[in-house]
Each structure stands twice: as structure tokens, then as C-alpha cells.
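J.: Quick one: sequence and predicted model below, then my questions.
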Amino acid sequence: MKILITGINGFVGSYLREHLLQQKQKVFGTSRSYSDKFVFNTDLMDKQNLKEIIISLKPDIIFHLAAQSSVKKSWEDKYKTFQTNFFATLTLLETIKELELSTRVVTIGSAEEYGITNGSPVTEDSFMNPINPYGLSKMAVGYLVKQFFSAYQLNVVHIRAFPHIGPGQNSTFVTQDFSKQIALIERGEQEARINVGNIDVIRDFTDVRDVVKAYWIVAMNGRAGEIYNVSSGEGISLKDILKILVGYSKKSITVNVDPQKFRPADIPILIGSNHKLKALGWEKEIPIEKTLLDILDQYRSKLE
């Protein structure tokens, strides 16, 4: 099959590309900053260019990963967040509709669509109350998918991805931030103190290598018009994440809470039910401890 990944050079896109190549698929992508014979340099808001790419490829599956994925940046630039996340998706779906293609489109949403919860694992039918612009933009994408399925019978599915982590992620994400600071401390390049934001929150983390397997399973087996959580089904506090990482270091490290690292609004507990995903045949394989050690070891090697 021919597969197109928007945002192929991003964190998840690069892992998904490798996983699909292992499945012997023909993989192409889009990027705003890079091009080669497999990657098209384009802005997804350029509908004509996007249409030409899709006509030339006739992809069987499109994984729409291109996004502004930072909650912090969504507060700083709300307009760009909606342009990148919502309107680019609208352009893509309109293009597929106009070309009358049966291409399976997988859009990637976020656990941030749910917002404040009662602490129980949220299902795909749970009430949504996003508390930041990023979550709001992704919730809008989910509704867009449902409308394009019901109105035009597009072959679309929407994934609500809970936090996914692994080596190579942007250093602004919390597990990367912790790991980088520990690596710097071990080298004597930072005082033996880690600066953190709110570490009492509880999140549902999954290794990115398990996540891309879930995306592939949903693409192949998910029902059109449906929404699927991609989550581990288990919660862990950032305090415990930090404890695991610090435990891998031989240095004695103290923790300093920095108010500058707090978000304008935060969700105390966010855990996802993965029963619907597991019914398609997915299982989590990589434990959180291995993921965290892999992230830390990557920073250690970078700083050697």
C-alpha cells in the first residue's frame, strides 16, 4: 500500500515511518522544511499543492500527524494553533472529498480534548471540556471527522492520543526536560538541582514505539467515523516519573519547584480507557521504566 504521513519528520512521524517500512509499506510524507523523492515540501493550507500531491500518489492511507502540539505554545499563539490543527485538517478532508477518494484518513487528536475529569479512565464517549486552546483545537478536529463521515461518508477515523514519550522528543516536554537536566548534572554542567513545574499531576504515558503500532492497527482495523483512545490505561504522577529518573543517576539530586514552569491551567488527573483499542488487537509492550531509561541514555550520549 501507499501511505502518506503529514508531518513525517516530526517526533511521532519518524517513528511511524520506520514502523510502516518494517511492515513493507510504501511510505511518503509532507514537511514544511524538507523534501526528497519521498517527502513533499508543502504547507497543508495550500490546497492546490496538496491536491496535486494526493492526485500523484493516490495514497491508500493518510496519517495526519502535522500539528502544533504544544499546550504552552497554544496559549502563546491561539490563532496559529487553530490554523495548523483545525483548518489544515479541514483543507485535507475537503481535498479528499472533492477528489472522491476512498483513502483511509487517520487524524490525530489528544487526551487534552477531555479536559478536567473525575479521575476515572475516560472513554471515547466521556464528556469533553478542554481547558486550553490546544485541546479545543483537537476537539474541533474530532467533531470535523464525525461530520465528514456522516455527511460525505469519508473513510476517516480520529485518534485521541494520550501522552506519548520516547527518545528524540522535543526537549520542552516534561520527561525530556527532566532527563536533560539529570544528564547535565551528571556531567557537572548544572547544579545538582532539578527545576520543575507542577509534578503532582497524574498522566497516562505510553512509549511512542507502542503508540505507532496502535496507529497502524487503528488504520487497518478501526471503523470509519469512530474515535479511539490510544493510552496505556494506567496513570502515574510526574513526581513518580521524576523519582524513577533520579533513581537512575548516581548523583544526589534535589528538586526545586519553579512557578515559571506552571501552565496557565492544568488537569490534575487524566487517564484513558483503552478497551476499544485493545478490542482491535493492540497491547502495550514497553514498560515506563524502559522508556524513561532510553530517554535519559539518549541525553547522556548527546552530552558525551
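T.: Received, thanks.

J.: distance of residue 7 from residue 223?
T.: 24 Å (CB to CB, to the nearest Å). Placement of C-beta: from N, CA and C, glycine included.

J.: Confirm that residue 214 lies within a helix, as I assumed.
T.: Yes - assessed with DSSP: H, G, I helix; E, B strand; the rest coil, residue 214 lies in a helix.

J.: and it, how many neighbours?
T.: Counted by other CB atoms under 10 Å, the residues lying close to residue 214 total 26.

J.: Only the buried residues of the least confident helix or strand in the chain by mean pLDDT, if you could.
T.: Least confident helix or strand, the chain: strand 254-257 with a mean of 87, by mean pLDDT, DSSP states H and E. Across strand 254-257, burial judged by 16 or more other CB atoms under 10 Å covers no residue at all.

J.: after it comes which helix or strand?
T.: Heading C-terminal from strand 254-257, the first helix or strand you meet, by DSSP states H and E, is strand 269-270.

J.: one step back: out of residue 7 and residue 223, name the residue with the larger neighbour count.
T.: Legend: neighbour count by other CB under 10 Å for residue 7 and residue 223, higher for residue 7 (24 against 12).

J.: Contacts only, for that one.
T.: 13, 29, 30, 31, 64, 65, 66, 67 (CB atoms under 8 Å, 6 or more residues apart in numbering).

J.: Out of those, flag the one nearest to residue 52.
T.: residue 30 (11.8 Å; CB to CB).

J.: Any chance of the backbone angles for that closest one?
T.: phi -120, psi 150 (degrees, to the nearest 10).

J.: That one contacts residue 8, doesn't it?
T.: Yes - the pair residue 30 / residue 8 is scored as a contact, 6.6 Å apart, by CB atoms under 8 Å.

J.: Which neighbours do those two have in common?
T.: residue 39.

J.: So between these two, which is more surrounded?
T.: residue 30 (27 against 24).

J.: and the more buried one, what does it touch?
T.: Counting by CB under 8 Å, 6+ apart, residue 30 has contacts 4, 5, 6, 7, 8, 39, 40, 41, 42, 44, 53, 66.

J.: let's see it at 7 Å
T.: 6, 8, 39, 40, 42, 44, 66 (CB atoms under 7 Å, 6 or more residues apart in numbering).

J.: who touches the host helix or strand of residue 179?
T.: For residue 179, the host element (DSSP H and E) is helix 174-186. The contact list for helix 174-186 (CB under 7 Å, 6+ apart) reads 165, 169-171, 190, 192, 194, 238, 241-242, 245-246, 249, 251, 253, 292, 295-296, 299-300, 303.

J.: Would you report which members of those residues are assigned to strands?
T.: Using DSSP state E, the members of these that fall in strands are 165, 194.

J.: Pull out the buried members of the contacts of helix 174-186.
T.: For those, buried by 16+ other CB under 10 Å: 165, 169, 190, 194, 238, 241-242, 245-246, 249, 253, 292, 295-296, 299-300.

J.: out of the residues you listed, who's nearest residue 205?
T.: Distances from residue 205 to these, taken by CB to CB, are shortest for residue 165, at 5.6 Å.

J.: tell me, how many neighbours does the closest residue to the closest one other than its chain neighbours end up with?
T.: Closest residue to residue 165 apart from its sequence neighbours, by CB to CB, 6 or more residues apart in numbering: residue 175 at 4.8 Å. Using other CB under 10 Å, the number of residues around residue 175 comes to 23.

J.: For residue 175, give its distance to residue 250.
T.: 20 Å.

J.: Would you indicate which residues of stretch 58-73 are buried?
T.: 59-69, 71, 73.
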